[in-house]
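# build me a model from this:
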Amino acid sequence: MATPVTVPSLGEEDAPAVLIRFLVEPGQAVHRGDPLYELDTDKVTQEVEAEADGVLLEVVGTPGVEYPPGATIAWIGAEGETPGA
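Presented below is the predicted three-dimensional model:
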């Protein structure tokens, strides 16, 4: 089952964060703990690590857009798996 990649809460009372960029392209393998994407808040720009092993199946977040904590911005799963399935 594919795992959603969600925006974490970065502390400031669940303030939203801007997706800067993904550090991995769809179709590439990722491992738990690998840097996966960058987020920007009013106070910090931060790399966020992958929380699952697998392949970056699909990116649904758009760089430059602000997302609330918990928003799904990508999917990680087995190669050939359907995101959200």
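# mind listing the strands for the chain?
Using DSSP state E, the strands of the chain run over residues 3-6, 17-22, 29-30, 35-40, 45-49, 54-59, 66-67, 72-77.
# among those strands, which is the most enclosed?
Neighbour counts (mean count of other C-beta atoms under 10 Å) averaged over each of the strands of the chain peak at strand 72-77, with a mean of 21. All C-beta spots, glycine's among them, are computed from the backbone N, C-alpha and C.
# got the angle for that one vs strand 45-49?
Orientation check (axes from the mean of the first three to the mean of the last three C-alpha atoms, to 10 degrees): strand 72-77 against strand 45-49 gives 30 degrees.
# would you turn the strands of the chain into TSV with distance to residue 83?
Listed next are the strands of the chain as TSV, based on distance: least, C-beta to C-beta, whole Å:
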stretch	distance to residue 83
strand 3-6	8
strand 17-22	14
strand 29-30	14
strand 35-40	15
strand 45-49	18
strand 54-59	4
strand 66-67	17
strand 72-77	4
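# right, I'll leave it there.
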